[in-house]
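**Student:** Following is a predicted model, sequence given first.
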Number of protein chains: 2
Amino acid sequence: MSESRPIALDAMGGDHAPHEIVAGAVHAVRERGLPVVLVGSPRVLYEALADHDATKEIPIVRAEEALAMDEGALASLRRPRSSIAVACHLVRRGDAAAVVSAGSTAGVVATGRLRLKGQQGVLRPAIAVALPTLPSPTVLVDAGANAEAKPEMLLQFAHLGAIYAELAHGVHDPKVGLLTIGSEAEKGNKVVKRAHELLQAGSGLHFAGNVEGHDLLTGKVDVITSDGFTGNVALKTMEGAVRYAFTELREAIEDSRIARLGAALQRSRIRELRRRLDAEAYGGAVLLGLNGTVVIAHGASKAQGISAACRLAADLAAAGVVPAIGERMAATGRSHRLW
Amino acid sequence: MSESRPIALDAMGGDHAPHEIVAGAVHAVRERGLPVVLVGSPRVLYEALADHDATKEIPIVRAEEALAMDEGALASLRRPRSSIAVACHLVRRGDAAAVVSAGSTAGVVATGRLRLKGQQGVLRPAIAVALPTLPSPTVLVDAGANAEAKPEMLLQFAHLGAIYAELAHGVHDPKVGLLTIGSEAEKGNKVVKRAHELLQAGSGLHFAGNVEGHDLLTGKVDVITSDGFTGNVALKTMEGAVRYAFTELREAIEDSRIARLGAALQRSRIRELRRRLDAEAYGGAVLLGLNGTVVIAHGASKAQGISAACRLAADLAAAGVVPAIGERMAATGRSHRLW
């Protein structure tokens, strides 16, 4: 896999498309040295690039249609020439290393599955998100691609997450936790209880047992496997709670006049912390299990978030996540002990 | 319902039983003027009360057995004379107004269902938790009693939560949200999609549509209905994320020497905010749908948390939550439009 192939960036997806997406591309190219192609309406994108004096630095690939942010999975069928579809096509043809889109998650997932297809042996592609734990992130899979999951899928999500943790975060033999409502093996719904048995029965993974909602940010495990419904609710709850705590805190600080001095002293530190906890800073979600790397940036991403997503996409492509998943699927598929 | 009946407090359940439970009882009696009986081992409790010079203020009801914190639902069958079972029995006999326990959630739920029985028309008792939103709390139901739920149960949880919001928080015609993974009606798993239809089809509730994880703390709705698996994961994720944000923040503050002065000035405000977000301060979870009020205090509760739980239990009993649920069940059960 050549490192020189560009990132195919869906310039029409996201709340702040196309201007912040274009600004993100410019940042990725100039500050990170990453090659990027913008996919979208040439006229609009050319003008936006001109604002940055970047028309000669960043190529444009034409796509006259786009998926709206409120369009779901079905729209991807109706619009085979949408910017996200064309971006996927560039990867499929080998002309781009990976796709980045800040479009609607449902639209990106559906289009990715349609255009790039699931890898052989993968039951369902799943979304992985790196939670900002220290020293290394905890990978949550599935964060929303599959609203329903069978126990075998939860086992496979654990494999996908483990490969991500190994290749993206350099974690050796990552510890896997199963998201449920109690630490004992019998805690959870039927799907989770069966998944617990599968994970324990020689899955080849380092299974550390059940984890609960409060373990998302403790770094207790390197990978958390979950169905996409629960995983998505947990992820959004986490983001909302962190935002809430910071907002309340700012009010508590501003409320007290005598505390203003202290607040001024601390503002930069708080900002720094907030940035680390901000979804944009860590680049977004990754759709694992397709024949190509797809990074889904937060819909509200601005330039910095898009640039971080390009970095993540380039790193994952360079690390060979797709072939690594292919090998793992082949190995686990062959072994009856493992499935 | 006489106001003078005491709260039956399970003195043997909780991480800090019996000493913090007894201290909580003393606080509830002396500071809040609430009548309390302690249920548990008389010898142990007499000694603990003696430490507070309270042997004459607080009666003891004997229960020689107790459920351990790691014991689940089955233990409640094996121990018919456990402290939580005896506490439920006092309510059943009419000798106590409500039960408070900091024992294991699974144990309290199972014992409550066994000893107090579900109210007529209630498909499944469910756990309600008041989330610390302003100006009034958002009630999350089910926060963990039922790991699996049918669509009809989600509708009923919404009714239970609405009654709670009306009686405990004085919210008129509470807005109900359905916890799922997108705002559009078709977002979610099969159970949630069907529940959406039921809630919309003249349920008699003020249905405000779908809500997502980040809406737990925005106060967008007064009641959030969810299966107990998702609800429990979301609740624990929220608690963990808030705790994480505060810990990180304290470290960020302490890290900077020049910020120490400011930190000292702000410490009391931060402590105050933290207390509001602390599960203990708002008294715990309520098991709704039984023939008796049962409050489940946090397992880690200390005296203040236990005392707050006693306050909550007394208020709910005085407000007549149990008869109000009975009336609603009778009304919705009669009307085919509603079910």
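**Tutor:** Yes, it's here. Residues are numbered from 1 along each chain as shown, chains lettered A, B, ... in the order given.
**Student:** quick one: the one helix or strand residue A:45 maps to to chain centroid distance?
**Tutor:** Using DSSP states H and E, residue A:45 sits in helix A:42-51. For helix A:42-51, the separation from the chain centroid amounts to 27 Å (computed by Cα atoms, centre = their mean, to the nearest Å).
**Student:** in terms of contact count, name the helices or strands touching that helix.
**Tutor:** Packing partners of helix A:42-51 (3 or more Cβ pairs under 8 Å, 6 or more residues apart in numbering or on different chains; DSSP states H and E): helix A:19-32, strand A:60-62. All C-beta spots, glycine's among them, are computed from the backbone N, C-alpha and C.
**Student:** Can you tell me which of those is nearest to chain B?
**Tutor:** Closest of these to chain B is helix A:19-32, at 21.1 Å (criterion: Cβ to the nearest Cβ).
**Student:** Show me what the following helix or strand past the closest one is packed against.
**Tutor:** Per DSSP H and E, the first helix or strand lying C-terminal to helix A:19-32 is strand A:36-40. Applying 3+ Cβ pairs under 8 Å, 6+ apart, one finds that strand A:36-40 makes contact with strand A:7-10, helix A:19-32, strand A:60-62, helix A:83-92.
**Student:** I'd like the ones you listed written out as a markdown table, with mean neighbour count and distance to residue A:48 added.
**Tutor:** Below are the helices and strands packed on strand A:36-40 laid out as a markdown table (neighbours: other Cβ atoms under 10 Å in any protein chain shown; distance: least, Cβ to Cβ, whole Å):
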| stretch | mean neighbour count | distance to residue A:48 |
| --- | --- | --- |
| strand A:7-10 | 32 | 12 |
| helix A:19-32 | 22 | 4 |
| strand A:60-62 | 18 | 10 |
| helix A:83-92 | 26 | 14 |
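**Student:** mind putting the ones you listed in TSV, mean pLDDT included?
**Tutor:** Output for the helices and strands packed on strand A:36-40, formatted as TSV (pLDDT from 0 to 100):
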stretch	mean pLDDT
strand A:7-10	98
helix A:19-32	98
strand A:60-62	98
helix A:83-92	97
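**Student:** would you list the helices and strands packed on helix A:42-51 in CSV and tack on distance to residue B:240?
**Tutor:** Formatted as CSV, these follow (distance: least, Cβ to Cβ, whole Å):
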stretch, distance to residue B:240
helix A:19-32, 31
strand A:60-62, 43
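**Student:** wait, which of the ones you listed is closest to residue B:233?
**Tutor:** Across these, the minimum distance to residue B:233, taken as Cβ to Cβ, is reached by helix A:19-32, at 32.5 Å.
**Student:** ok, the most centrally placed residue in chain A to chain B distance?
**Tutor:** For chain A, residue A:285 is the residue whose C-alpha lies nearest the centre (Cα atoms, centre = their mean; 0.8 Å). Computed as Cβ to the nearest Cβ, to the nearest Å, the residue A:285 to chain B distance reads 13 Å.
**Student:** Equivalent analysis for residue A:305, please.
**Tutor:** Residue A:305 sits 17 Å away from chain B, going by Cβ to the nearest Cβ.
**Student:** helix/strand/coil for that residue?
**Tutor:** What DSSP: H, G, I helix; E, B strand; the rest coil gives for residue A:305 is helix.
**Student:** Repeat that for residue A:177.
**Tutor:** Three-state assignment for residue A:177 (three-state DSSP): strand.
**Student:** So what pairs up with it in the strands?
**Tutor:** residue A:224 (DSSP bridges).
**Student:** Check whether it really touches residue A:221, as I assumed.
**Tutor:** Yes. With contacts counted by Cβ atoms under 8 Å, residue A:177 reaches residue A:221, the gap being 3.6 Å.
**Student:** what sits in contact with each of the two?
**Tutor:** Common contacts of residue A:177 and residue A:221 (Cβ atoms under 8 Å, 6 or more residues apart in numbering or on different chains): A:208, A:211, A:215.
**Student:** In strands, which of the residues you listed fall?
**Tutor:** Among the shared contacts of residue A:177 and residue A:221, the members found in strands (DSSP state E) are A:208, A:211.
**Student:** Ranking by neighbours, what's the top pick from the shared contacts of residue A:177 and residue A:221?
**Tutor:** Neighbour tally across the shared contacts of residue A:177 and residue A:221 (other Cβ atoms under 10 Å in any protein chain shown): the maximum, 25 neighbours, falls on residue A:211.
**Student:** picking that back up, quick check: bridge partners of the residue nearest to the centre of chain A?
**Tutor:** Beta-bridge partners, per DSSP bridges, of residue A:285: residue A:129, residue A:296.
**Student:** And it, how far from residue A:21?
**Tutor:** 16 Å (Cβ to Cβ, to the nearest Å).
**Student:** cool, and residue A:174?
**Tutor:** 32 Å.
**Student:** how close does the residue nearest to residue A:49 when sequence neighbours are not counted get to residue A:42?
**Tutor:** Nearest residue to residue A:49, sequence neighbours excluded (Cβ to Cβ, 6 or more residues apart in numbering or on different chains): residue A:55, at 4.6 Å. Using Cβ to Cβ, one gets 11 Å for the distance from residue A:55 to residue A:42.
**Student:** Return every residue with contacts to both of those two.
**Tutor:** Contacts common to residue A:55 and residue A:42, judged by Cβ under 8 Å, 6+ apart, are absent.
**Student:** that older thread, of the shared contacts of residue A:177 and residue A:221, which are in range of chain B?
**Tutor:** Contacts with chain B within these, counted by Cβ under 8 Å from any Cβ of the partner chain: residue A:215.
**Student:** What is the nearest of the shared contacts of residue A:177 and residue A:221 to residue A:32?
**Tutor:** Relative to residue A:32, the closest of the shared contacts of residue A:177 and residue A:221 is residue A:215; by Cβ to Cβ it sits at 32.6 Å.
**Student:** hang on, the closest one packs against residue B:239?
**Tutor:** No. Applying Cβ under 8 Å, one finds residue A:215 not in contact with residue B:239, separated by 11.2 Å.
**Student:** returning to what we had before: return the helix holding residue A:45 as PDB; C-alpha atoms alone will do.
**Tutor:** Extracted C-alpha coordinates of helix A:42-51, given in PDB (Å, rounded to 0.1, in the frame of the first residue of the first chain):
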ATOM      1  CA  PRO A  42     -16.100  21.600  -8.400                       C
ATOM      2  CA  ARG A  43     -17.400  25.200  -8.700                       C
ATOM      3  CA  VAL A  44     -18.100  25.500  -5.000                       C
ATOM      4  CA  LEU A  45     -14.900  23.900  -3.900                       C
ATOM      5  CA  TYR A  46     -12.700  25.800  -6.300                       C
ATOM      6  CA  GLU A  47     -14.100  29.100  -4.800                       C
ATOM      7  CA  ALA A  48     -13.500  27.800  -1.300                       C
ATOM      8  CA  LEU A  49     -10.000  26.700  -2.100                       C
ATOM      9  CA  ALA A  50      -9.300  30.100  -3.700                       C
ATOM     10  CA  ASP A  51     -10.100  31.800  -0.400                       C
END
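**Student:** and it with strand A:36-40, angle?
**Tutor:** Interaxial angle of helix A:42-51 relative to strand A:36-40 (axes from the mean of the first three to the mean of the last three Cα atoms, to 10 degrees): 140 degrees.
**Student:** Which of the helices and strands in chain A ranks last by mean pLDDT?
**Tutor:** In chain A, no helix or strand scores lower on mean pLDDT, DSSP states H and E than helix A:260-277, which sits at a mean of 61.
**Student:** Quick one: mean pLDDT for the top helix by length along chain A?
**Tutor:** Longest helix in chain A, counting residues (DSSP state H): helix A:228-255. In this model, helix A:228-255 has a mean pLDDT of 84.
**Student:** buried ones in that helix?
**Tutor:** A:228-246, A:248-249, A:252-253 (16 or more other Cβ atoms under 10 Å in any protein chain shown).
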